[in-house]
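J.: Sequence first, then the predicted structure:
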Amino acid sequence: MSQLIRYRAGCEYLYVADTAHAPFGTKSVEEVKDIALDCIRFLRAKGADVVISACNTAQAALMALNAQPQANFFGILDFDLPSDLKKVGVVATEATVSSGVYLDKMNRIGVEVFQRPCQELVSAIESCAQDEKIERIVSEAVDYMRQVGVDAIILGCTHFPLVKHVFEGLSGGILVLDPAELLAKKLEGLLLKNPDGKARVKFYVSSDAESFSKKVQRYGVALPYTVEEFSWGEVTT
């Protein structure tokens, strides 16, 4: 979200957080696919012109089951990698690593890839864990990437850019890439601005809006925003 706002201000952003079904990284591919399609239908019903799946795990499931929509849909894996990279590391959820989507993507462009599942980091960020715990988890992942000699580390989970500064601080100069930023650059000209030129965000949360609001406040949103809780039982798809 923050990268889209950075590269395309003046738009209205709708964000659905299916907190009732989280976490997704430990669910089956079929379960994640169904959840992802429900979220896409929800956003379409709310009037979204373009739908972007910010979740690596969700897009991996959609791709694995050939269920990814074609019209006005983009996933976080649709980014373009800088052309000078030959060896990259990916930190992601268990499900994303197991899916092999990053292996497929990098193999198609002749880039060697090393993966590191970091499911514990998802839970740490979700629970607003102490900095020391987050630093320990990140340090273990970065140490592995240094040992295998990667040119860059890709943050292969939507949560991880929230602690990108921690990765950068421990990386020893290894480039740290946020797929959301790379994708936002690619889609900059596609997103339509509001007629009044004012940007805003509407968060839709499927459970515990209060807890979600606290996380938004902690990590910050640069635009005026609202948080609305909904129930999947109330949604007609």
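T.: Everything's here; your move. Numbers count the residues shown, from 1 in each chain.

J.: Might you report the residue contacts of the spatially most central residue of the chain?
T.: For the chain, the residue nearest the mean C-alpha position is residue 158 (2.5 Å; C-alpha atoms, centre = their mean). Neighbour list for residue 158: 54, 55, 56, 76, 180 [criterion: C-beta atoms under 8 Å, 6 or more residues apart in numbering]. Backbone N, C-alpha and C define where each C-beta goes, glycine included.

J.: can you pull the contacts of the fourth one?
T.: Each residue near residue 76 by C-beta under 8 Å, 6+ apart is listed here: 52, 53, 54, 55, 56, 59, 158, 179, 180, 183.

J.: let's see it at 7 Å
T.: By C-beta atoms under 7 Å, 6 or more residues apart in numbering, residue 76 lies in contact with 53, 54, 55, 56, 59, 179, 180, 183.

J.: Pull up the gap between the residue nearest to the centre of the chain and residue 201, please.
T.: Here the criterion is C-beta to C-beta, to the nearest Å. By it, residue 158 lies 15 Å from residue 201.

J.: before we move on, back to that, among the contacts of residue 76, which lie within strands?
T.: Using DSSP state E, residue 53 are the members of the contacts of residue 76 that sit in strands.

J.: export the contacts of residue 76 to TSV and tack on neighbour count and pLDDT?
T.: Shown next, in TSV, are the contacts of residue 76 (neighbours: other C-beta atoms under 10 Å; pLDDT from 0 to 100):
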residue	neighbour count	pLDDT
53	24	89
54	19	85
55	25	86
56	30	84
59	24	88
179	25	91
180	21	88
183	22	89
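
J.: Now go through the contacts of residue 76 and say which are in helices.
T.: 56, 59, 179, 180, 183 (DSSP state H).

J.: Identify the farthest-apart pair in those residues.
T.: 59 and 180 (12.2 Å; C-beta to C-beta).

J.: which residues of this protein fall in helices?
T.: Here the chain has its helices, by DSSP H, at 2-7, 29-45, 56-64, 94-99, 101-108, 119-126, 131-148, 164-170, 179-187, 209-219.

J.: give me every residue that touches the residue located most distally from the centre of the chain.
T.: Distance from the C-alpha centroid of the chain peaks at residue 196, with 28.6 Å (C-alpha atoms, centre = their mean). Shown in contact with residue 196 (C-beta under 7 Å, 6+ apart): no residues.

J.: ok, it to residue 11 distance?
T.: Taking C-beta to C-beta, one finds residue 196 at 11 Å from residue 11.

J.: list the residues that contact both of the two?
T.: With C-beta under 7 Å, 6+ apart, residue 196 and residue 11 have no common neighbours.
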